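Undergrad: got a sequence here, can you model it:
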Amino acid sequence: MIKYEDLVKDLKAKKFKPVYLLMGEEPFYIDRLCDFFENFVIEPEQRDFNQAVLYGRDTTVDEIVANAKQFPFGSPQRLVIVKEAKDVKNIVKKGKKDDEDSQESGTASGSDGASALTNYVQNPSPSTILVICHKYGKLTAKQCKPFEKEGVVFESVGVKDYQLPEWIQQRVARAKLQINPEVAALIAETIGNDLPTIHSQLEKLKVILPPNSVITRDVVEKYIGISKEYNIFELQDALVKRNAQRAYKIALNFGQHLKENPNVKTIATLFGYYHKMLQYHLSPDKSSETQIRIFGKFFLNDKVRGAMSYTIPQLTRIISILREYDVKSKGVDSSSDDAELLKEMIYKIIH
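TA: You can find the predicted model right below:
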């Protein structure tokens with residue numbers, strides 16, 4: 001399967017294939033590619049006649065194929081984009097009745113069946129570019145074969161948590177800006193593994209800041225809204241160091257700004273933080289490679305020291321507390337408001 005960078009390079013060079021299957025659990029890259037197709041393949045004045053955007057819940061395989069078979073008007077190419085393709089019924093597979101009919105007539109169809117779309121992909125129109133956006137899932141290797149033979153299959157794979165700071169640094173460099181590892185880690189820890197949100201925030205800074213500017217903590221606080229003092233990164237540090245006063249101060253601030261710091265998000269981030277510590281304790285291999293795989297490259301020594309400051313029973317207890325307050329924050333078995341729940345949870349974790 002093709003890499004994202006290679007696919008973008010081909011598209012910018014207008015090296016188009018008749019069929020594209022964009023699939024995977026991470027929506028960010030699929031959305032970016034879809035936007036490129038939608039905005040840069042067909043000239044604006046020709047889109048009314050030569051560009052069709054279909055949505056999975058509102059279309060069928062037959063409609064997709066019918067659109068793909070239409071000839072372009074006043075343009076060398078026609079573009080058909082299918083968004084939310086996962087919602088298209090039998091997009092690559094016949095229904096049970098069709099499979100039975102094929103067996104009765106003696107026609108061969110693979111164990112996965114062969115839908116009208118699959119048949120089209122095997123002999124696509126040379127004047128049409130068909131783009132299938134199949135987010136939050138992927139097809140089997142067998143289902144992908146027709147697409148690979150006549151077109152391009154791209155699988156959108158997410159960035160692991162420990163890779164986020166490095167991913168942010170790479171995106172910042174492409175935007176012709178600079179950032180140090182500490183600030184990149186702050187953004188990663190605070191926003192979490194949400195590539196579209198991180199990308200939109202970095203795009204905002206690209207517009208605001210002059211080229212080659214350094215993204216500092218002050219810049220992050222001013223334009224992204226992540227406080228230098230009151231953020232999840234600082235809360236984690238305070239908890240590991242058992243600095244109760246500082247932890248309560250941050251929790252109080254979170255409670256006053258729940259829209260920016262909802263309990264569900266805070267608890268989920270802390271859960272991941274302590275779960276990595278437990279994972280490290282339970283790993284028989286304590287090598288540097290294992291440490292990087294679990295914690296990432298940035299502030300590695302601090303994270304390992306933090307993990308070693310807890311015992312396995314202590315980590316198990318904290319994870320149990322986080323699970324309890326995750327349920328309570330969702331309104332189950334609790335009448336307390338979110339600010340009070342957060343303070344209770346921090347107290348229990350420290351004590």
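Undergrad: in this protein, what helix or strand scores lowest on average pLDDT?
TA: helix 96-105 (a mean of 41; mean pLDDT, DSSP states H and E).
Undergrad: which SSE is immediately downstream of it?
TA: As assigned by DSSP states H and E, the chain's next helix or strand after helix 96-105 is helix 116-122.
Undergrad: could you list the alpha-carbon positions for the very next helix or strand once past that following helix in PDB?
TA: Proceeding N to C from helix 116-122, the next assigned helix or strand is strand 128-135, under DSSP H and E. Provided in PDB are the C-alpha atoms of strand 128-135 (Å, rounded to 0.1, in the frame of the first residue of the first chain):
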ATOM      1  CA  THR A 128     -13.400   9.100 -14.200                       C
ATOM      2  CA  ILE A 129     -11.600   9.400 -10.900                       C
ATOM      3  CA  LEU A 130     -13.500   7.400  -8.300                       C
ATOM      4  CA  VAL A 131     -12.500   8.100  -4.700                       C
ATOM      5  CA  ILE A 132     -13.900   5.800  -1.900                       C
ATOM      6  CA  CYS A 133     -13.500   7.300   1.600                       C
ATOM      7  CA  HIS A 134     -13.900   4.400   4.000                       C
ATOM      8  CA  LYS A 135     -13.200   5.900   7.500                       C
END
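Undergrad: how about the strands in the protein?
TA: Using DSSP state E, the strands of the chain run over 19-24, 51-55, 78-83, 128-135, 152-155, 178-179, 214-215.
Undergrad: pull the distance from the fourth one to the chain's centre.
TA: In other words, strand 128-135. Chain-centre distance of strand 128-135: 19 Å, with Cα atoms, centre = their mean, to the nearest Å.
Undergrad: residues in contact with it: which ones?
TA: The contact list for strand 128-135, computed with Cβ atoms under 8 Å, 6 or more residues apart in numbering, reads 16-24, 27, 30-31, 33-34, 37, 41, 64, 68-70, 72, 77-86, 91, 120-121, 124, 147, 151, 156. The way it works is simple: take the backbone N, C-alpha and C, and place the C-beta from them, glycine included.
Undergrad: ditto for the fifth one
TA: Contacting residues not belonging to strand 152-155 are listed as 1-2, 4, 7, 17, 19-24, 29-30, 33, 138, 144, 147 [Cβ under 8 Å, 6+ apart].
Undergrad: okay, now the sheet partners of that strand, with direction.
TA: Strand pairing for strand 152-155, using DSSP bridges, gives strand 19-24 (parallel).
Undergrad: excluding chain neighbours, what is closest to residue 281?
TA: With Cβ to Cβ, 6 or more residues apart in numbering as the criterion, residue 281 has its nearest non-adjacent residue at 5.2 Å, and that residue is residue 312.
Undergrad: so what's that neighbour up against?
TA: Here residue 312 is in contact with 278, 281, 282 (Cβ under 8 Å, 6+ apart).
Undergrad: buried subset of these?
TA: 278, 281 (16 or more other Cβ atoms under 10 Å).
Undergrad: now the contacts of residue 312 as JSON lines including distance to residue 198?
TA: Below are those laid out as JSON lines (distance: Cβ to Cβ, whole Å):
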{"residue": "278", "distance to residue 198": "26"}
{"residue": "281", "distance to residue 198": "30"}
{"residue": "282", "distance to residue 198": "30"}
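Undergrad: which of the contacts of residue 312 fall in helices?
TA: 278, 281, 282 (DSSP state H).
Undergrad: if we can go back for a sec, make TSV out of the strands of the chain and add mean neighbour count and distance to residue 243.
TA: Listed next are those as TSV, based on neighbours: other Cβ atoms under 10 Å; distance: least, Cβ to Cβ, whole Å:
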stretch	mean neighbour count	distance to residue 243
strand 19-24	24	41
strand 51-55	18	51
strand 78-83	24	48
strand 128-135	24	42
strand 152-155	20	44
strand 178-179	20	27
strand 214-215	18	27
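Undergrad: in CSV: these, plus distance to residue 232 and mean pLDDT.
TA: Formatted as CSV, the strands of the chain follow (distance: least, Cβ to Cβ, whole Å; pLDDT from 0 to 100):
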stretch, distance to residue 232, mean pLDDT
strand 19-24, 27, 97
strand 51-55, 36, 97
strand 78-83, 33, 98
strand 128-135, 27, 97
strand 152-155, 30, 97
strand 178-179, 18, 97
strand 214-215, 18, 97
